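Give me coordinates for this.
(one chain, ligands or ions: 1)
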Amino acid sequence: MQNIIATKLAVTFNEVFKNTKDPLIVRSPGRVNIIGEHTDYNDGFVLPAAIDKAAYIAITLRDDDEIHLLAFDLNETFSTSLKDLKPVEDISWPNYILGAVAQFAKKNIPLKGFNAILSSDVPIGAGLSSSAAVECATVFALNTLLHTNFSKIEMVQMAQKAEHEYAGVMCGIMDQFASIMGKHNHVIKLDCRSLDYEYVPFKLDGIKILLLNTNVKHSLASSEYNTRRQECEKAVAWIQVFHPEVNSLRDVSEVMLDEYVLPKDKLIDQRSRFIVQEINRLQKGCEDLIKGDINALGKKMFATHDGLSNMYGVSCKELDYLVDFVRNNDTVIGARMMGGGFGGCTINLVKEDSIEQLLMQIQPAYEKATGLQLDYYIASIEDGTRIIK
Ligand code: GLA
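Predicted coordinates:
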C-alpha cells in the first residue's frame with residue numbers, strides 16, 4: 001500500500017512540478033485512543049496508538065519563496081509565498097501545512113519555498129486525527145529537508161502549535177504525539193504533563209479494533225472543544241483560590257469538586273468531574289491491559305462513553321446509538337466514542353470471528369435509524385511518522 005502511494009505521488013509530482021529531482025515522501029499516521037479522552041489538555045494521561053491509515057506528503061524545496069501545494073485526493077491547488085504566511089480563510093487543508101511552516105519561521109529558521117503534494121487515506125472528520133497527520137508529516141519533512149535536527153518531541157509540539165495557530169483548535173498533545181511516536185502493536189501511555197511515555201504491548205489474540213464511522217461531521221466540534229477547555233480551566237481557577245498548589249484537573253480530587261465547584265455551578269462540576277474520573281479510569285484501565293484483563297478494560301471503555309455523553313456533553317445521538325447497540329453483545333469487549341466528539345467514530349474491541357456478523361446487524365440498523373451510511377475500518381497499530389522514499 002505504502003509503495004503504491006509513494007509511486008503514485010512521485011509520478012504525479014514529476015508531472016505537475018516538472019521536477020528533475022525526486023521528492024522526499026513522508027508518511028504520518030492517524031490515531032486511535034483506547035481510553036483517556038479529553039484528558040490531554042487537563043495534564044492527564046492518554047492511551048493512543050498510530051494506525052494503518054496515514055497522510056503522505058511528497059515535497060521538494062525551491063530556490064525562491066514560493067509555496068505550491070496540490071491536494072491530490074481533492075484535486076485542489078493552493079499557492080502562496082513565504083512572505084505572506086498566514087492562515088487561509090475559505091479552505092482548511094492548506095492551513096495544516098502552512099501552520100507547520102510557520103513554526104519553523106517562528107524559530108527563525110532560514111526557510112525556502114517548496115512544492116508539495118498531499119494525499120491521505122485518513123477519513124476526514126472521523127475523529128482519527130487527519131489534520132494532525134498532515135501537520136506531523138509536514139513538520140517531519142521540513143525538519144529533514146532543512147536539516148534542522150529537531151527532536152521528535154519538539155516536532156510533536158510544533159505540529160500541535162500548527163493546529164492551535166492555523167486551525168484555531170486549542171487541542172491537547174495526544175494526536176500529534178501518537179502520529180509521530182507510534183509503535184507497531186503498542187499503545188502509548190502518555191503523561192501529558194511531563195511528556196513521559198511508556199509503550200504498552202497491544203496484541204490481543206482474536207480481538208480486533210473495529211472503528212465505526214457515524215459519518216456525522218458536526219460543525220460545532222471545534223467551537224465546543226474550545227468551550228470544554230475553558231470550562232475545565234474555570235473549575236481549576238475556583239479551586240486554586242483555596243488550593244494554590246493546584247495547576248490543572250490532574251491535581252484535583254472529587255472531594256475538591258464537591259467543596260468548591262458543585263456549589264457554584266452544576267454544569268462545570270459535571271465537566272470537571274468527568275475529567276477527574278477519566279484520568280483515574282485510564283490508570284486502572286492501563287493496569288487491566290498490562291494484566292491481560294481485557295474484559296475489565298472493555299467495561300471501562302463503556303463507562304468512558306457514558307461519561308463523555310452524559311457529563312462532558314461531547315457525544316451525539318448517532319454515537320450513542322452505536323455504543324448502545326453493542327453494549328450487551330458478548331462479542332464486543334468494549335466500545336465508546338473516540339476523539340473530540342460530536343460525530344466521527346466509535347472504537348470497538350471486538351472478537352475477530354464475530355465482526356462480520358456484527359456488521360451485518362449494525363449497518364442496516366444504523367442506516368434505518370439515522371438515514372446515514374455506516375462505514376467501518378479494522379485498524380491495525382503501526383509505527384509513527386517515517387520517511388518512505
Ligand atoms: C482531539 C484533540 C486531542 C484530544 C481529543 C480528545 O482529538 O486534538 O488533543 O483532546 O480530541 O481526547
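
Any stretches of this protein with poor pLDDT?
Under the criterion of pLDDT under 70, the regions of the chain flagged as low confidence span 19, 219-220.

Around the ligand, pick out the residues from it.
37-38, 40-41, 129, 171-172, 174-175, 339-340 (CB under 6 Å from any ligand atom). Where you see a C-beta, it was placed from the backbone N, CA and C, and this is true even at glycine.

Tell me which residue of the stretch 201-350 of the chain lies closest to the ligand.
Gly340 (3.6 Å; CB to the nearest ligand atom).

Excluding chain neighbours, give the residue nearest to that residue in space.
Tyr225 (5.2 Å; CB to CB, 6 or more residues apart in numbering).

In contact with Thr346: list those residues for me.
Contact analysis of Thr346 by CB atoms under 8 Å, 6 or more residues apart in numbering lists 211-212, 214, 305, 319, 322-323, 335-338.

switch the cut-off to 6 Å
Each residue near Thr346 by CB atoms under 6 Å, 6 or more residues apart in numbering is listed here: 212, 319, 322-323, 335, 337.

Which of these fall in helices?
When the contacts of Thr346 are checked against helices (DSSP state H), the matches are 319, 322-323.

Can I get those residues in CSV including distance to Asn149 and neighbour count?
Shown next, in CSV, are these (distance: CB to CB, whole Å; neighbours: other CB atoms under 10 Å):
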residue, distance to Asn149, neighbour count
Leu319, 42, 28
Leu322, 44, 26
Val323, 44, 24
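
Looks to me like Arg281 is in a strand.
No - with DSSP: H, G, I helix; E, B strand; the rest coil as the criterion, Arg281 is assigned helix and is not in a strand.

How about stretch 378-389, which residues are buried there?
379, 381-382, 384-386, 389 (16 or more other CB atoms under 10 Å).

Next step: these restricted to strands.
379, 386 (DSSP state E).

Next, give me the two most distant ones among the buried residues of stretch 378-389.
Pairwise distances across the buried residues of stretch 378-389 peak at 24.0 Å for Ala379 and Lys389 (criterion: CB to CB).

residues in contact with Gly36?
45-47, 282 are the contacts of Gly36 under CB under 6 Å, 6+ apart.

tell me which of the residues you listed is nearest to the ligand?
Scanning these for proximity to the ligand, where the rule is CB to the nearest ligand atom, the winner is Val46, at 6.7 Å.

so the closest one bridges to which residues?
When assigned by DSSP bridges, Val46 has beta-bridge partners Leu190.

Give me the secondary structure label for the residue of the stretch 201-350 of the chain closest to the ligand.
Three-state assignment for Gly340 (three-state DSSP): coil.

quick one, phi/psi of it?
For Gly340, the backbone dihedrals (degrees, to the nearest 10) come out as phi -60, psi -40.

Any idea how many residues pack against it?
A count of nearby residues for Gly340, using other CB atoms under 10 Å, gives 23.

Ile207 too?
Close neighbours of Ile207, defined as other CB under 10 Å, add up to 19.

can you pull the contacts of it?
Leu349.

Kindly report the same for Glu278.
Here Glu278 is in contact with Thr39 (CB under 6 Å, 6+ apart).

mind checking the SS state of it?
Applying three-state DSSP: Glu278 is helix.

ok, what's across the strand from the closest residue to Gly298 other than its chain neighbours?
Counting by CB to CB, 6+ apart, the nearest residue to Gly298 once its immediate chain neighbours are dropped is Gly334, at 2.9 Å. Beta bridges link Gly334 to Leu349, judged by DSSP bridges.

Can you tell me how far Pro123 is from Glu382?
Pro123 sits 16 Å away from Glu382, going by CB to CB, to the nearest Å.

what about the strands in this structure?
24-33, 45-46, 48-61, 66-71, 76-81, 114-120, 186-191, 197-201, 207-217, 332-337, 343-351, 375-379, 386-387.

What strands line up against the fifth one, and which way round?
Which is strand 76-81. Short version: by DSSP bridges, strand 76-81 pairs with strand 66-71 (antiparallel).

what sits against the residue nearest to Ala50 when sequence neighbours are not counted?
Of all residues not flanking Ala50 in the chain, Gly182 sits nearest, at 2.4 Å (CB to CB, 6+ apart). When contacts are counted by CB under 6 Å, 6+ apart, Gly182 touches 29, 49-50, 383-384.

and stretch 79-87, which residues are buried?
Neighbour counts over stretch 79-87 (16+ other CB under 10 Å) mark 80, 82, 85 as buried.

again, but for stretch 113-127
113-123, 125-127.

Stretch 251-261 too?
Buried, per 16+ other CB under 10 Å, within stretch 251-261: 251-252, 256-257, 260-261.
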